[in-house]
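Engineer: Build me a structure from this.
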Amino acid sequence: MKRLTAYLARLFVTDAVILFGVVSFLLWLINCLRSFDVVSVKGQGVVTLALQGLLTMPPLAISFFYVCIGIGLARALQALQSNRELHIIHTSGGLASLWSATAIVAGAGVVGVLLLSNFIAPYAERQLNILSASVAADLVSSTLKPQRFTQVTPGVVMLIGGRAGDGEIQEFFADDRRDPNTRRTYVAKTARVSSDGQTYVLELRDGTLQNTAANGRFSEVTFGRYDVNVDRFSQPVGQPNLLNQTDSLSLVLDAMASGLWSPELLMVLGNRGAEGLRVVGICLLVLALSGFPSGRRARFNVPLEAVVLLIAFSERGLSAYSPIGSATGALAMIIAGGGALLVLARPRHPRALPEMAL
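Structural biologist: Below is the predicted model of the structure:
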């Protein structure tokens, strides 16, 4: 690797990593503040709060990862242009080093975001569900105050009448309104939380399960004993999505073994793979916008960081509403950025001066 290539790659990576670290830390603090009811209401410690905020970070990090790379690349190129180093690179034949450094940054970004989307994010979601179930089980078994309604998770409210000396719950009540189509109400004379070391089960005895549909239809089931997983109450939308909790390698191996490639599986794999294309597209666009010095003065000096944010916002909107798939916006950025670079990097021949008649 040439010294110029290494210098440029180090400059690009440093700006992107610093920005990514700052944004991640701020969002982690925001997540901790949003989940502060884990401490104030659910009786957990600060360590649990910090861990829960950390486990919610990978899906958020995926969404702004390529934006940080684009802004870091843009800031580095602007710094090179302001101190005339970018002009020297172009005039001294260092354009190949600029391409190589950008390719290194884009390649490292693709590897990083694919690790995040295909392995780290599913693992974090799985661990977050386990932690949420543990918090909910602890809340039900020891933290819930008798004769007081407590929200376990948004849409789920619980009430207990009291506790016996052996930890048995007297007069258990839970109201689940997370599903807009069905409201479920659990009523039991006694309840107890048990665990097999991996999952938590709420054992309800001598009670009823009431279902109320959106159209007003009502049904009631009476039971002597009813076991329900605690994580059913700890998830914001009820049942956890197993595809989102499984890494892509395991999903592909299972699909190859069974021969079943469901549309949901293909959609999950496609969404995860599209994140790598977004990194390539944003790098090409930023390089086309700020990788070529110009002597023209703009009337309105728009910060390039705002331009990158606008591009990312437009790309997300295009991908969300495109019938083709989630990679539509990324492919559009790659085509636009690659086409612009081909036009800007084409060799220019100096115009011949007209001969003057003597």
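
Engineer: Nearest spatial neighbour of the spatially most central residue of the chain, chain-adjacent residues omitted?
Structural biologist: With distances taken as CA atoms, centre = their mean, Pro59 lies nearest the centre of the chain, 1.8 Å away. The shortest distance from Pro59 to any non-neighbouring residue, by CB to CB, 6 or more residues apart in numbering, is to Ala121 (5.5 Å). Just so you know, the C-beta spots here come from the backbone N, C-alpha and C atoms, and that holds for glycine as well.

Engineer: Who are the contact partners of that neighbour?
Structural biologist: If you count contacts by CB atoms under 8 Å, 6 or more residues apart in numbering, Ala121 has them with 58-59, 62.

Engineer: tell me, which helix in this protein spans the most residues?
Structural biologist: Criterion DSSP state H: the longest helix present in the chain is helix 3-34.

Engineer: how about that one: buried residues?
Structural biologist: By neighbour count with 16 or more other CB atoms under 10 Å, helix 3-34 contains the buried residues 4-5, 8-9, 11-13, 15-16, 19-20, 23-24, 27-28, 31-32.

Engineer: pLDDT on it, on average?
Structural biologist: Averaged across helix 3-34, the pLDDT comes to 93.

Engineer: quick one: that helix to chain centroid distance?
Structural biologist: A distance of 16 Å separates the centroid of the chain from that of helix 3-34, by CA atoms, centre = their mean, to the nearest Å.

Engineer: Stretch 278-297 now?
Structural biologist: On CA atoms, centre = their mean, the centre of stretch 278-297 falls 26 Å from that of its chain.

Engineer: so what does the longest helix of the chain touch, helix or strand wise?
Structural biologist: Helix 3-34 is packed against helix 46-55, helix 57-82, helix 95-115, with contacts defined by 3 or more CB pairs under 8 Å, 6 or more residues apart in numbering; DSSP states H and E.

Engineer: closest one to Ile160 among these?
Structural biologist: helix 46-55 (21.7 Å; CB to CB).

Engineer: what's the angle between that closest one and helix 3-34?
Structural biologist: 130 degrees (axes from the mean of the first three to the mean of the last three CA atoms, to 10 degrees).

Engineer: Report the rounded mean pLDDT for helix 46-55.
Structural biologist: The pLDDT scores in helix 46-55 average 92.

Engineer: how deep is Asp125 tucked in, by neighbour count?
Structural biologist: Quick fix: residue 125 reads Glu, not Asp. 19 (other CB atoms under 10 Å).

Engineer: quick one: low-confidence ranges for this structure?
Structural biologist: The chain contains residues with pLDDT under 70 at 1, 197-198, 236-240, 294-300, 347-358.

Engineer: can you list the residues that contact stretch 268-282?
Structural biologist: So stretch 268-282 is contacted by 62, 65-67, 69-70, 73, 106, 109-110, 113-114, 116-118, 243-244, 248, 251-252, 308, 311-312, 315, 319, 325-327, 329-334, 336-337 (CB under 8 Å, 6+ apart).

Engineer: if we can go back for a sec, close enough to count as contact, the residue nearest to the centre of the chain and Glu125?
Structural biologist: Yes: between Pro59 and Glu125 there is a contact at 7.3 Å, judged by CB atoms under 8 Å.

Engineer: sorry, back to before: what's the helix or strand for the residue nearest to Pro59?
Structural biologist: Under the criterion of DSSP states H and E, Ala121 resides in helix 121-138.

Engineer: For the helix or strand that that helix is followed by, enumerate the helices and strands it packs against.
Structural biologist: Of the helices and strands lying after helix 121-138 in sequence (DSSP H and E), the nearest is strand 150-153. Contact partners of strand 150-153 among helices and strands, from 3+ CB pairs under 8 Å, 6+ apart: helix 121-138, strand 156-163, helix 231-234.

Engineer: can you tell me which residues contact the nearest residue to Ser290 once chain neighbours are set aside?
Structural biologist: Of all residues not flanking Ser290 in the chain, Leu77 sits nearest, at 4.2 Å (CB to CB, 6+ apart). Leu77 makes contacts with 86, 286-287, 290-291, as judged by CB under 8 Å, 6+ apart.

Engineer: State the pair within the residues you listed that is farthest apart.
Structural biologist: Leu86 and Val286 (13.2 Å).

Engineer: So if I had to pick from the two, which one is more boxed in?
Structural biologist: Val286 (27 against 22).

Engineer: measure the more buried one to Met256 for me?
Structural biologist: 38 Å (CB to CB, to the nearest Å).

Engineer: what does Leu159 give?
Structural biologist: In terms of CB to CB, Leu159 sits 48 Å off from Met256.

Engineer: Please say which of these two ends up with more neighbours.
Structural biologist: Applying other CB under 10 Å to Leu159 and Met256 shows that Leu159 carries more neighbours, namely 17 against 10.

Engineer: On the three-state scheme, the nearest residue to the more buried one once chain neighbours are set aside is what?
Structural biologist: Excluding the flanking residues, the one nearest Leu159 by CB to CB, 6+ apart is Phe173, at 4.3 Å. Of the three states, Phe173 takes strand according to DSSP: H, G, I helix; E, B strand; the rest coil.

Engineer: Enumerate every residue touching Phe173.
Structural biologist: Phe173 neighbours (CB under 8 Å, 6+ apart): 158-160, 185-187.
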